[in-house]
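Trainee: Fold the following.
(2 chains)
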Amino acid sequence: MSDEKSLNFLEEIIEADLAAGKYQQIITRFPPEPNGYLHMGHATSICLNFGLTKKYGGYTNLRFDDTNPVTEDTEYVESIKADIKWLGFEWKHELYASDYFETLYEFAVQLIKKGLAYVDDSTSEEIAEQKGTPTQPGTNSPYRNRSIEENLLLFADMRAGKYKDGEKVLRAKIDMAHPNMLMRDPLMYRIKHAHHHRTGNKWCIYPMYDFAHGQSDSIEKITHSICTLEFVPHRELYDWFIEKLEIYPSHQYEFARRNLSYTVMSKRKLLQLVNEKYVAGWDDPRMPTISAMRRRGYLPESIRDFCDGIGVAKRENLVDIGLLEFYVRERLNKVALRRMVVFDPLKITITNYPDTVEWLESENNPEDASAGSRTIPFSKEIYIEKEDFMEQPPKKYFRLAPGQMVRLKSAYIIQCNEVIKDSEGNVVELKCTYIPESKSGNDTSGIHVKGTLHWVSIQHAIPIEVRLYDRLFNVENVDAAEGDFKDYYNPNSLEVIPKVFAEPSLQNATLNERFQFIRKGYFCLDIDAQNGSLIFNRTVGLKDTWAKEMKKA
RNA sequence: UGGGUUAUGGUGUAACGGUAGCACUACAGAUUUUGGUUCUGUCUGUCUAGGUUCGAAUCCUAGUAACCCAACCA
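Mentor: Just a heads-up that it's a prediction; the model follows:
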């Protein structure tokens, strides 16, 4: 029936273009500005741009939009490249808008010669004044009618460094009464005596976004230049420059950027969280950055699944972060090695078990037989979770209670015979007996129990640290919430448990491995784990229908 | 007192004049040595008002709402 997936609007445009023979191949670009780390919003753009050329044949360039030297840095260039590679994409050419500075300068000279650009001595305040407002037309600059010769001379002087920052700008000569504010004689060049991360001190004038982006697309013969909705008004100017310059006609298409619930996505806000120490850095596992998601243990496949799953459209949206977590679990479930770790220990003594150690076999992943198995030590004294015992259990409680039986995962069925308490009445230990015939794999006891618990042998357990993460903010739509977004920061977004008890095989965990701590969630080693210390991040929890049930009650 | 963009269940996204579908969520059940996974089923939707048509989410008219545009940022 539905063997064909429906197309999104960009795929429809591309298929129509291809069918019309408009292009031999599709060329897109991913154009980050190297002034911050990539986040989930960039990931959707990356998946879109690279995904489209992969599907329809062609290629995608990585082009750094480095036209503002004061905010940009090579540190960001490197992190951006690493993130794209990790996501699983390969760019055809690594390019920089700054590669085109000389060409762009020539383009500007051409426009001056056509009488379509002029040097303006107005201050930024005066220019703002001239702009008018969305509902009122602007007014012409007094410098608007300089001769071509004078403009040529002044522009050359700007380049030669004869003026200070802000003293002069080059503007396009379009229409100060245009209903589109962007068309009211937009700035093309400004003076910045600043060091550029690639061109050094060669230039003191830098092109504005609008005079760099479209022309860069054109130079690279980008067929489909995809950006977000806030650039829709820029398209008219994008086309104007291309038309007047008579260069290759790239076309711009816009889609709605994706917003995620319970987090923020703007670079400005993310930077604030870092600078004001709400998080430990750009790759703090709570951040929505790609580097943070990588550190937290997300698989790149999950992020790609997510981007495909949410699709692409032009309407405003707020995607439930739970959907991202679904894709994270879905992938992890298939590859994570199962391990047993007790977070909040309660001691059990198995009174009828001998003073020996038995090594029991347990599968690494029930979803994947090829993942093999490992052995776990079992002994007379073990830990289980405190929450897995209740003295007065509610209905449908399948765990341990006085007189009740449970299965210890991959081991035996035990029965609780005696509850030992301290002077304050807290349960401190359980005396249990085990059923020798109930051994995992050759159970001849004939006993059926509802509950299975994870456990560790006390004398073999190794201490590890776990870091549990929750949503960064307390409200769904952070951007729409009243007041300062930081007021909604979730102080419980990070919980560190310095010492929990793990089965010994975790001693050899490596950074590339993914684990499921049975009944606890998905975990991976954190990069902070060094010289023997074991620190694990909880990537995402497991679905917990029992906890939900208890919450309802 | 301008211009632009958008409106489909709780969320995201399809349906291109012909049965409003898919995924997540929620709920109910089956299976389960993870209250995980898997499987089955159920609930909830076309911004409003008119019109055209045998038939409208889709076409027309008029409204309404949300978002974007007045950085020498991108």
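Trainee: how about the strands in the stretch 401-550 of chain A?
Mentor: In the stretch 401-550 of chain A, the segments counted as strands under DSSP state E, counting those that start in this stretch are A:405-408, A:413-421, A:427-434, A:452-453, A:456-457, A:462-469, A:494-502, A:515-517, A:521-525, A:535-540.
Trainee: Let me know which of those strands is the nearest to RNA strand B.
Mentor: Smallest distance to RNA strand B across the strands of the stretch 401-550 of chain A (C-beta to the nearest atom of the strand): 3.5 Å, for strand A:452-453. (C-beta placed from N, C-alpha, C; glycine too.)
Trainee: Distance from the chain centre to that closest one, please.
Mentor: Relative to its parent chain, strand A:452-453 has a centroid offset of 35 Å by C-alpha atoms, centre = their mean, to the nearest Å.
Trainee: Pull up the pairing partners for that strand, direction included.
Mentor: Strand A:452-453 sits in its sheet next to strand A:405-408 (parallel), going by DSSP bridges.
Trainee: about what we covered before: and the strands of the stretch 401-550 of chain A as a markdown table, adding mean neighbour count, mean pLDDT and distance to A:Ala480?
Mentor: Below are the strands of the stretch 401-550 of chain A laid out as a markdown table (neighbours: other C-beta atoms under 10 Å; pLDDT from 0 to 100; distance: least, C-beta to C-beta, whole Å):
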| stretch | mean neighbour count | mean pLDDT | distance to A:Ala480 |
| --- | --- | --- | --- |
| strand A:405-408 | 22 | 98 | 47 |
| strand A:413-421 | 17 | 98 | 51 |
| strand A:427-434 | 18 | 98 | 46 |
| strand A:452-453 | 20 | 98 | 43 |
| strand A:456-457 | 24 | 98 | 46 |
| strand A:462-469 | 18 | 98 | 23 |
| strand A:494-502 | 15 | 98 | 25 |
| strand A:515-517 | 24 | 98 | 36 |
| strand A:521-525 | 25 | 98 | 30 |
| strand A:535-540 | 22 | 98 | 25 |
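Trainee: can you list the ones you listed in TSV and add distance to A:Thr74?
Mentor: Output for the strands of the stretch 401-550 of chain A, formatted as TSV (distance: least, C-beta to C-beta, whole Å):
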stretch	distance to A:Thr74
strand A:405-408	55
strand A:413-421	60
strand A:427-434	58
strand A:452-453	52
strand A:456-457	47
strand A:462-469	30
strand A:494-502	31
strand A:515-517	35
strand A:521-525	29
strand A:535-540	29
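Trainee: Between those, which one is closest to A:Leu337.
Mentor: strand A:515-517 (5.2 Å; C-beta to C-beta).
Trainee: Can you give the contact residues for that closest one?
Mentor: Residues from elsewhere that reach strand A:515-517 (C-beta atoms under 8 Å, 6 or more residues apart in numbering): A:332-333, A:336-341, A:454, A:502, A:506, A:509, A:522-524, A:536, A:542.
Trainee: and that strand with RNA strand B, contact?
Mentor: Yes. For a cut-off given as C-beta under 7 Å from any atom of the strand, strand A:515-517 has contacts with RNA strand B, namely A:Gln516.
Trainee: so who does A:Val540 touch?
Mentor: Taking C-beta under 8 Å, 6+ apart, one finds A:Gly297, A:Glu325, A:Val328, A:Arg329, A:Leu332, A:Gly521, A:Tyr522 in contact with A:Val540.
Trainee: does the third one really touch A:Pro300, like I thought?
Mentor: No. Between A:Val328 and A:Pro300 no contact is recorded; they are 10.9 Å apart, counting by C-beta atoms under 8 Å.
Trainee: Which strands or helices does the helix or strand containing A:Ser225 pack on?
Mentor: Element membership of A:Ser225, judged by DSSP states H and E, is strand A:224-228. Applying 3 or more C-beta pairs under 8 Å, 6 or more residues apart in numbering; DSSP states H and E, one finds that strand A:224-228 contacts helix A:9-19, strand A:26-30, helix A:40-56, helix A:209-219, strand A:251-255.
Trainee: And the strands of the stretch 401-550 of chain A: which comes nearest A:Thr53?
Mentor: Closest among the strands of the stretch 401-550 of chain A, once you apply C-beta to C-beta, is strand A:535-540, at 30.5 Å.
Trainee: Dump that closest one to CSV, restricted to CA.
Mentor: Taking C-alpha atoms only, strand A:535-540 is exported to CSV below (Å, rounded to 0.1, in the frame of the first residue of the first chain):
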residue,chain,number,x,y,z
ILE,A,535,32.3,7.6,35.9
PHE,A,536,29.1,6.9,33.9
ASN,A,537,26.6,9.2,32.3
ARG,A,538,23.0,8.1,32.2
THR,A,539,22.2,8.7,28.5
VAL,A,540,18.5,8.1,29.0
